[in-house]
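>>> Sequence first, predicted coordinates after that:
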Amino acid sequence: MPAIANIRALRWPALLTALLFSTMSAAPLPYPRADFIVPPAIVIPHEPEHVFIGPGTIELPGGDLLMAAPWGSAPAEFLELRGTYEMPPLYRSKDRGRTWHEEGRLKMEWKFTGTMNNGGFTLLHLKDGRIALLAHRYVPDHKGGGLPAISFSSDEGATWSPAKLVGQGVAPDDTWYVMNDRLIQTRNGRLLVPVAHAVVGSGPEGDLAESGCFYSDDAGATWKVSQLVRPKGALRGMAEPCVAELADGRAYLLARSGTGFLVESYSGDGGQTWSEPRNTTLLSPCTSLTLKTLPDSRMIVFYNHVQEVAPGSLFPRCPLVYAISGDGGKSWSGPTIIDDTGWAGAKSTRELIYPSVTFLKEGMLVLYSEHFSNGGAARRTLKENLIGGGKRAILRYPAQ
């Protein structure tokens, strides 16, 4: 259970959920299952040179779907492969996300240190007609982080403008993290990039982070950095945040933490300052999440609804579920299961993580990755690293 200092911050439904779950061990999960149009299946297997993780997906005007997925950490260090694989591949689907085909690598000028791996991509239609591509930037000397990179396309992803650093000149180029499906544009045109920043003096990635946003009011030409916040007493702070714009114009930040729950914060000034973060009712280890706004204006979050194996743990990372909020994050529905492959409670054998979500006419296209899990006990062997891959599912929209 979370530390005593955090228990006071818990909402009672969340505390009761945690207590109930702790008695269940690896019993069958007592949650409803998603209504599938197309059930989960691996469509892009992991390869010896790299693993699939952190996709960003977009629907193009002609109906095709475009996806970018950065390199993940494989047994071979990515930098050893950079000469051959400098830019990650793009994938295209012509059948509404059911199958995917690689169509070559990103055509983008990249003139700074670091590579596009071990983080995530966002692909987003902007109000000016361009497509924006936001990418995590892996810099080994910065604990695997760095200022994010952004590029723009005016020809549906065929070519891209030279990549530029988000926040250059207003924030130090040190340990920043941005994950997949993060960039949003608000109703007034502001671009918000939710980011985590390693607290000065903390350890490796995932040790202790604070969260906030880079924001731009000139379509990404220049950037400013917001206030950075983290929950008091949280073992891992506030990491890998997502952001959504609420109906009343406020911004809502949701992130993983070390409290045993996802944590939230609100902004009344477009993401420049943030309220003190607090726990939600969303049970979760310090693991991945993706927050989106449904076409009907409700928020939906995709995450791993499971009790952490120990305070501040990064595991388990199974099952993958979604939950809904229709009141701006004041309350959340119970979880609906998308995928529970490998479910065994604290000893689950799969990680189901970093989903990208695209809202299609027929339903929600969810792309995420499946990995063999040993609970972080050791580096995966090559054989273990090849288990799983990029998975696809198409879900019917949740009823109101």
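Thanks, I have it.

>>> From here on, just use CA atoms for contacts and neighbour counts.
Fine.

>>> Which residue, other than its chain neighbours, is closest to M179?
Nearest residue to M179, sequence neighbours excluded (CA to CA, 6 or more residues apart in numbering): G120, at 4.4 Å.

>>> hang on, I meant A163
Spatial nearest neighbour of A163, excluding adjacent residues (CA to CA, 6+ apart): S151 at 4.8 Å.

>>> Just list the residues touching the residue nearest to G258 when sequence neighbours are not counted, thanks.
Nearest residue to G258, sequence neighbours excluded (CA to CA, 6+ apart): G312, at 3.9 Å. The neighbourhood of G312, defined by CA atoms under 8 Å, 6 or more residues apart in numbering, consists of 2, 235-236, 257-260, 285-286.

>>> Can you tell me which of those has the most neighbours?
Among the contacts of G312, G260 has the most neighbours (other CA atoms under 10 Å), with 36 neighbours.

>>> What are the neighbouring residues in contact with that one?
Contacts for G260 (CA under 8 Å, 6+ apart) come out as 1-2, 283-286, 307-308, 311-312.

>>> just A239 next, same as before
By CA under 8 Å, 6+ apart, the contact set of A239 is 195-197, 206, 208-211, 255-257.

>>> gap between it and G329?
Between A239 and G329 the distance is 18 Å, computed by CA to CA, to the nearest Å.

>>> Check Y91 too.
Applying CA to CA to Y91 and G329 gives a distance of 34 Å.

>>> who touches G129 in this structure?
S154.

>>> measure it to D64 for me?
Using CA to CA, which is the criterion applied here, G129 is 17 Å from D64.

>>> swap in A149?
With distances taken as CA to CA, A149 is found 25 Å from D64.

>>> do A310 as well
Where D64 is concerned, A310 sits at a distance of 43 Å (CA to CA).

>>> okay, now V170: neighbour count?
The tally of other residues near V170 (other CA under 10 Å) stands at 12.

>>> Give me the phi and psi angles of it.
The phi and psi values for V170, taken as degrees, to the nearest 10, are phi -120, psi -10.

>>> isn't it right next to K224, touching?
Yes - using CA atoms under 8 Å, V170 is in contact with K224, at 6.2 Å.

>>> List the residues that contact the residue nearest to M179.
So G120 contacts 53-56, 69-70, 135-136, 178-181 (CA under 8 Å, 6+ apart).

>>> let's go with 7 Å and repeat that
Contact partners of G120, counting by CA atoms under 7 Å, 6 or more residues apart in numbering, are 54-55, 69-70, 135-136, 178-180.

>>> Please identify, among those residues, the one with the most neighbours.
A135 (34 neighbours).

>>> Kindly provide the distance from it to P194.
Counting by CA to CA - A135 and P194 are separated by 12 Å.

>>> sorry, back to before: how is the residue nearest to G258 assigned, secondary-structure-wise?
Of the three states, G312 takes coil under DSSP: H, G, I helix; E, B strand; the rest coil.

>>> For it, give me the backbone phi and psi.
The phi/psi pair for G312 (degrees, to the nearest 10) reads phi 80, psi 10.

>>> Can you give me the pLDDT of it?
The per-residue pLDDT reported for G312 equals 95.

>>> Ok, T115 next?
For T115, the model assigns a pLDDT of 85.

>>> in the stretch 151-300 of the chain, which spans are strands?
Shown for the stretch 151-300 of the chain, the strands assigned by DSSP state E, counting those that start in this stretch span residues 164-165, 176-177, 184-185, 191-198, 209-216, 224-225, 238-245, 251-257, 261-267, 278-283, 289-293, 299-304.

>>> Identify the residue nearest P162 in space, chain neighbours excluded?
Nearest one to P162, counting by CA to CA, 6+ apart, is E109 at 4.5 Å.

>>> hmm, back to that, will you turn the contacts of G260 into a markdown table that also has distance to G388?
Output for the contacts of G260, formatted as a markdown table (distance: CA to CA, whole Å):
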| residue | distance to G388 |
| --- | --- |
| M1 | 31 |
| P2 | 32 |
| L283 | 25 |
| S284 | 22 |
| P285 | 21 |
| C286 | 21 |
| Q307 | 23 |
| E308 | 23 |
| P311 | 28 |
| G312 | 26 |
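
>>> wait, isn't Y31 in contact with S333?
No - at 11.1 Å, Y31 does not count as touching S333 under the criterion of CA atoms under 7 Å.

>>> Next, format the strands of the stretch 151-300 of the chain as a markdown table and append mean pLDDT and distance to L386.
As requested, the strands of the stretch 151-300 of the chain are exported to a markdown table (pLDDT from 0 to 100; distance: least, CA to CA, whole Å):
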| stretch | mean pLDDT | distance to L386 |
| --- | --- | --- |
| strand 164-165 | 98 | 33 |
| strand 176-177 | 96 | 25 |
| strand 184-185 | 98 | 33 |
| strand 191-198 | 97 | 29 |
| strand 209-216 | 98 | 30 |
| strand 224-225 | 98 | 39 |
| strand 238-245 | 98 | 25 |
| strand 251-257 | 98 | 27 |
| strand 261-267 | 98 | 30 |
| strand 278-283 | 98 | 29 |
| strand 289-293 | 98 | 23 |
| strand 299-304 | 98 | 22 |
